[in-house]
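Visitor: show me how the following folds:
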Amino acid sequence: MRLASFQPDMAANLGALVRISACFGVPLDVIEPCGFPLSAKALRRAAMDYGQRAEVVRHDDWQQFAASCTGRLVLLTTKGAEPLERAAFRPGDILMTGRESAGVPEEVHAAADLRVAIPMAEGARSLNVAVSAGIALFEARRQLTTDHVGVASG
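Guide: Predicted structure coming up:
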């Protein structure tokens, strides 16, 4: 299982995704270009002390990322065809979030093997991308394992 962030707009959200990646023990693919300068220093600052624990793989663009994919691409989208609670996850899935400002282009949407929506209250537009990734990753891991990692908070 992997997380992927398509052209993130906000450094703080990418930092949160790095933290989620580290805490769940899954690699994070960052598909550039980002909407902010992505230097190693900026990534460390955004990820706080979790950057050293996370496996972050940077891709120059969508084509480079797509060529490297070996698992099923699961897009988290407000235009999803499958509600999260009905989605069946697989061990090699790559859970992808879109840009905070624009989601993903049609080419990326069409390339997804599964499009998943997180149900929300009527009138709600969307969740933060990092929040969505955490929710979906938890559900995927819940489905795929009974060997849950210790519970921690803080």
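Visitor: tell me where the longest helix sits in the chain.
Guide: helix 129-144 (DSSP state H).
Visitor: for that helix, which outside residues touch it?
Guide: 1, 3, 5, 8, 13, 16-17, 20, 24, 26, 74, 76, 84-85, 87-91, 93, 95, 97-98, 100, 116, 118, 126-127, 148 (CB atoms under 8 Å, 6 or more residues apart in numbering). Glycine gets a C-beta too; all of them are placed from N, C-alpha and C.
Visitor: show me which of those residues are buried.
Guide: Taking 16 or more other CB atoms under 10 Å as the criterion, what is buried in those is 1, 3, 5, 8, 13, 16-17, 20, 24, 26, 74, 76, 84, 87, 89, 93, 95, 97-98, 100, 116, 118, 126-127.
Visitor: select from the contacts of helix 129-144 every entry located in helices.
Guide: Filtering the contacts of helix 129-144 for helices - DSSP H - leaves Asn13, Ala16, Leu17, Ile20, Phe24.
Visitor: so where's the protein shaky on pLDDT?
Guide: 40, 42-49, 51, 146-154 (pLDDT under 70).
Visitor: just the strands in it please.
Guide: Secondary structure of the chain (DSSP state E): strands at 2-6, 28-31, 56-59, 73-76, 82-83, 94-97, 114-117.
Visitor: can you lay out those as a markdown table showing distance to Ile135?
Guide: A markdown table is the format used below for the strands of the chain (distance: least, CB to CB, whole Å):
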| stretch | distance to Ile135 |
| --- | --- |
| strand 2-6 | 12 |
| strand 28-31 | 16 |
| strand 56-59 | 21 |
| strand 73-76 | 9 |
| strand 82-83 | 12 |
| strand 94-97 | 10 |
| strand 114-117 | 10 |
